[in-house]
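**Student:** What follows is a predicted protein model with its sequence.
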Amino acid sequence: MATADRNGPALDQDVLVYQGAPASYRVPISNPDGTRPDLSQATAFWWAGPKPARRPLSPNFTIANAPGAVTKPLSIVPDGAGAYQVILPIEPADLAGFPPAGIYQHEVWIAEAGAEAYPAAIGALLIDGTVKGAAA
């Protein structure tokens, strides 16, 4: 399926993490007609940053607080029903530079062989503060 055959990403795919604690999400991937694409040769990655993306004068956030690391590679695994899903693990280090009071979004992107990468899911990234996170 070419990128033009897609109807866009699943929107409002919000994730909630607690500052200083890991989280993990599963992202099932579907075509517009409800069929599930063969992602056996595809790769996936995650982006997180200010909302809206590229707003003027917004801070430059990096994943794992590593200079230049603005995305994180993700695993694509069989879902047990003959299709594929993306696994989104979020570690405390991934969001170390993100204050919990900010407004953020996240995006899961898929890159299939011979096609341009496309967004599969977009939503708010909600970071709740914790006692541990405040002490870190």
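**Tutor:** Looks like it arrived, so ask away.

**Student:** all helices of the protein, in order?
**Tutor:** 131-135 (DSSP state H).

**Student:** which sections of it are below the confidence cut-off?
**Tutor:** 1-8, 52-60, 64-68, 132-136 (pLDDT under 70).

**Student:** Just give me the longest strand of this protein.
**Tutor:** strand 118-128 (DSSP state E).

**Student:** and residue 101, how many neighbours does it have?
**Tutor:** 8 (other Cβ atoms under 10 Å). Yep, even glycine has a C-beta here, placed from its N, CA and C like the rest.

**Student:** nearest spatial neighbour of it, skipping sequence neighbours?
**Tutor:** With Cβ to Cβ, 6 or more residues apart in numbering as the criterion, residue 101 has its nearest non-adjacent residue at 7.6 Å, and that residue is residue 129.

**Student:** List the contacts of that neighbour.
**Tutor:** 18-19, 100-101 (Cβ atoms under 8 Å, 6 or more residues apart in numbering).

**Student:** Residue 88 now?
**Tutor:** Contacts of residue 88 by Cβ under 8 Å, 6+ apart are 15, 24-27, 46, 74, 108.

**Student:** try it again with 7 Å
**Tutor:** 24-25, 27, 46, 74, 108 (Cβ atoms under 7 Å, 6 or more residues apart in numbering).

**Student:** what's the answer for residue 10, then?
**Tutor:** So residue 10 contacts 120-121 (Cβ under 7 Å, 6+ apart).
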